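**Q** Need a 3D model of the sequence below.
(2 chains)
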Amino acid sequence: MQKKSLTQEELSRRWENIRRNWYKFSRNPLSITGLVMICIILFFTIFAPFVSPYPESAGKFINFYEASQPPSLNHLCGTDAFGRDILTRIFFGCRYSLIMGVTVLLLIVPVGVVLGLIAGYHRGSWLEIVIMRITDIFIAVPPLILALAVCSVLTPSIFNAMLAISIAWWPWYTRLVYGIASSLKEEFFVKSAEVTGANKMYILFREILLNCISPILTKMSLDMGWIILIGSSLSFVGLGAQPPTPDLGSMVADGSKYLPDQWWISVFPAFAIMLIVLSFNLFGDGIRDTLGVERG
Amino acid sequence: MRLPVFYFRILEVIALTNNILFVDHLEKYFFTYQGIVKAVDGISFFIKEGETFGLVGESGSGKSTVAYTVVGMYRPTKGKIIYKGDKDISQDSRKRPLAIKKEIQIVYQDPGTSLNPSMTIKDILELPLKVHNISKNHEDRIKKVKELLEMVQLPVSYTYKYPSMIGGGEKQMVAIARALATNPSFVLLDEPTSALDVSVQAKLINMLIQFQKKFKLSYLFITHDLSLMRNVASRVAIMYLGKLCEIAPSSEFFKNPLHPYTQMLLSSIPVISDEEEALKPKKIISKGEIPSPVNIPPGCSFHFRCHKKMDICSCEDPIITEVNEGHTVRCHLYTK
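**A** Now for the predicted structure:
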C-alpha cells in the first residue's frame, strides 16, 4: 500500500514538471505552429491509405489517360508522367521520409551518445584520443558528401541510404555529449559519487547522462529535418529510394525533367519537404527554449 | 629536508595509538605546462578519534588538496595516509576497498556544484545507501532518506524536489545528510560554511557539533575563518604554500601563537571591542600575497612576508620542532 502512494507522490512531481515545461513551450506561437504541423503531417502519413484520394497511385500504377494533368479538383496537385496522383504520392512519400528520420536517429543516438560519454569521462586517456580522433575524421567530411560516397559504394536502396546517413551523422552526437561530459566529469557531484564508490555505469548513465538529456533532445528534434533533407537529396541524385517507391526526393528529381512546363510534378513534393523540415525546426527551437539549452 | 631519527619514531608511536587518521609526509604535485605545482609539499599530521582537527590557510595554500587526497580524489605523489592505525589508504578512490569509502566521507565547499542539478534529493541521498547496501529494498531506502532529511531538520516534502528548488543552506544540509548516510566515522569538511550566510552558518555548525557527539565522528575541518575555528576545533594546523607552519591545541594556538605567519593571521582578525583587541597579538600589518605554488621561494617559503625575517630564512628551509607538548612549529626562530 505504502509503495503505491510513494510512487504516486513521485508521479505527481513528474507530472508537475511536465506541465511546467509545457507551459513554457506553449508560450511561443512558433513552436506551437511547429508542433501542430508535425501532428497534421503525422496524421496524413499514418492514415495515408485511407485519406489519400488515389491510394493505388503509391505503387506500380500506370494510367496514361490522365498523364501530366495540371492541378485540378480531381487531382489537387496534378499527376505525373505516368498519370499517378501527386498528392497521394506525397502522403506516402512523407511516410518514407519520417521512417528514414526516425530510424537514423534510433541508430545513431545511442551509439553517438555512449561513445561521447565514454570519451568525455576518460578525458586525457587513450580511450578519448582513439574515439575523438575517429570522430574528427568523420566530421572533417561534410555529411552530404560522406553520405553520397557511402551510398555510391553500396547498392542504392532506401536502407542503404539510411545506413549512409547514419555513418555521416553519428559523430555530431559524440561531439555534443563529449563536450558536456568532459566538463561535468570535473564537477563535484561526479567526484562525490566516485568517492562514495558508485560504479562507472552509474556515473556515466545517471550522473552525467541525465545532464545531457536536454541538449540531446534538442539536437534530435532539429536533426530530424536535416536527416530528411539529406535523405531526399540522396534520392534526388538516384542513390536513395528506387522507383516506384514514392519518395519525395526522387519525385522532385523525376519532375525536374519536365520543368518548367509541368511544374507541379516537382514543386509540390519540394514544398512538402520544406514543410516537414520547417515544422521540425520550429519544434526543435521550441524544445531548445523550453529546456534552456544555449546552443543546438 | 632531513629530519632527526627520533622524530620518525615519535610519529610511529603516534600512528599506533588511537588515531583515526595519520598523514605522513604527504606530497601532491600537479604537473602542468607552467611547471610543477607543489600543492601539498610534505606534510605530516594526525587526527585523534572523536576530535575536530582544524586546517587553516589562505586561498591557494593547498588545504583543499589535502582533503581531496585523503578522500581519494587524487593519488598522493608521495607519502602515506594511514587510516585507523593500520589501513594504508595512499591510493585514489578507485583502488580503495568499499569499506574504507563507507568510513570516510566529504562535504564540499559549494553545495551548488556538489549536488547533481538533474537528480531529485531522493536520488542523491539514495546513492550511498544503494552502493553500501545499507537499505535492502526500495521502501526501506525511501524511509531512510526521509529519516536523513529529518535528521538535518529539513521537511520530508523535499524528498522529490530538485536541488535548484531549495536554498543554499538547505542544499548544504542535504550534502551533510549524504555524507552521513553511510554512517561514517571520519568526515572531511571542506569549508562547509563559506558559501552560506551567517545565520545559516551558525545553525550548520551547531548541527555538525551535535552529530559529532551523537555518531562519535572525527572531523577534518577546513576553513579560512579563524574565529570559527576557535569555537569548533580542538587542534589547529596552519598551512602555507603546501606546508604546515604550526600545529597546536586550539587554546594554546590562540593564546600563544609562535609562528610569525600565525601571529600575522591572528592579528588580522577584525574585532569590535577593546577587550577583544587585548586578547589577540599586537597588530602586525600583513603584507604581500601568497606566492604562486609553481615557483616556491627558496628557503622558508614565508620569508618574503615575514616580519621577523633573519638571514638564514632565505636560504634554508626550517625543520619542524616541538616547542611545547603537542605544539610544533616550522620556523628558524625556535630551532636553536
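
**Q** drop to CA atoms for contacts and neighbour counts, all remaining ones
**A** Fine.

**Q** all strands in chain B, in order from the N-terminus.
**A** In chain B, strands defined by DSSP state E lie at B:19-32, B:35-48, B:52-57, B:78-83, B:87-88, B:104-107, B:186-190, B:218-223, B:235-240, B:243-249, B:320-324, B:327-330, listed in chain order.

**Q** Which residues are in contact with residue B:84?
**A** Shown in contact with residue B:84 (C-alpha atoms under 8 Å, 6 or more residues apart in numbering or on different chains): B:18, B:19, B:20, B:21, B:22.

**Q** What sits closest to it if chain neighbours are left out?
**A** Sequence neighbours aside, residue B:20 is the residue nearest to residue B:84 in space, at 4.4 Å (criterion: C-alpha to C-alpha, 6 or more residues apart in numbering or on different chains).

**Q** Equivalent analysis for residue A:111, please.
**A** Per C-alpha to C-alpha, 6+ apart, closest to residue A:111 is residue A:170, 7.2 Å.

**Q** For whichever helix or strand the one you found is part of, name the packing helices and strands.
**A** For residue A:170, the element it lies in under DSSP states H and E is helix A:158-184. The contact analysis (3 or more C-alpha pairs under 8 Å, 6 or more residues apart in numbering or on different chains; DSSP states H and E) places helix A:158-184 against helix A:86-121, helix A:126-140, helix A:143-153, helix A:209-236.

**Q** Flag every buried residue along it.
**A** Of all the residues in helix A:158-184, those buried under the rule 16 or more other C-alpha atoms under 10 Å in any protein chain shown are A:158, A:160-182, A:184.

**Q** Next one: whichever residue of the stretch 51-200 of chain B sits closest to chain A from residue B:134, what distance?
**A** Across the stretch 51-200 of chain B, the shortest distance to chain A (C-alpha to the nearest C-alpha) belongs to residue B:114, at 4.3 Å. According to C-alpha to C-alpha, to the nearest Å, residue B:114 and residue B:134 sit 22 Å apart.

**Q** just residue B:150 next, same as before
**A** Residue B:150 is 18 Å from residue B:134, by C-alpha to C-alpha.

**Q** Of the two, which one has the most company?
**A** Under the criterion of other C-alpha atoms under 10 Å in any protein chain shown, the comparison of residue B:150 against residue B:134 puts residue B:134 first, with 16 against 13.

**Q** so what's the more buried one closest to, chain neighbours aside?
**A** Closest residue to residue B:134 apart from its sequence neighbours, by C-alpha to C-alpha, 6+ apart: residue B:182 at 7.3 Å.

**Q** and the helix or strand of chain A with the lowest mean pLDDT, how far out from the chain's middle?
**A** Least confident helix or strand of chain A, by mean pLDDT, DSSP states H and E, is helix A:2-26 with a mean of 76. Centroid separation between helix A:2-26 and its chain, computed with C-alpha atoms, centre = their mean, to the nearest Å, is 28 Å.

**Q** list the buried ones in the next helix or strand after it?
**A** Downstream of helix A:2-26, the next assigned helix or strand under DSSP H and E is helix A:29-46. The neighbour-count check on helix A:29-46 (16+ other C-alpha under 10 Å) flags A:30, A:31, A:32, A:33, A:34, A:35, A:37, A:38, A:41, A:42, A:44, A:45 as buried.

**Q** Could you do stretch A:102-115 as well?
**A** Neighbour-count burial for stretch A:102-115, counted by 16+ other C-alpha under 10 Å, picks out A:102, A:104, A:105, A:108, A:109, A:112, A:113, A:114, A:115.

**Q** For the third one, give me its contacts.
**A** Residue A:105 makes contacts with A:166, A:220, A:224, as judged by C-alpha under 8 Å, 6+ apart.

**Q** Does the last one touch residue A:103 like I think?
**A** No. Under the criterion of C-alpha atoms under 8 Å, residue A:224 lies out of contact with residue A:103, with a separation of 10.2 Å.

**Q** so residue B:53 touches residue B:233, yeah?
**A** Yes. With contact defined as C-alpha under 8 Å, residue B:53 counts as touching residue B:233 (5.6 Å).

**Q** Between those two, tell me which one has more neighbours.
**A** Neighbours were counted for residue B:53 and for residue B:233 using other C-alpha under 10 Å; residue B:53 has more, 26 against 22.
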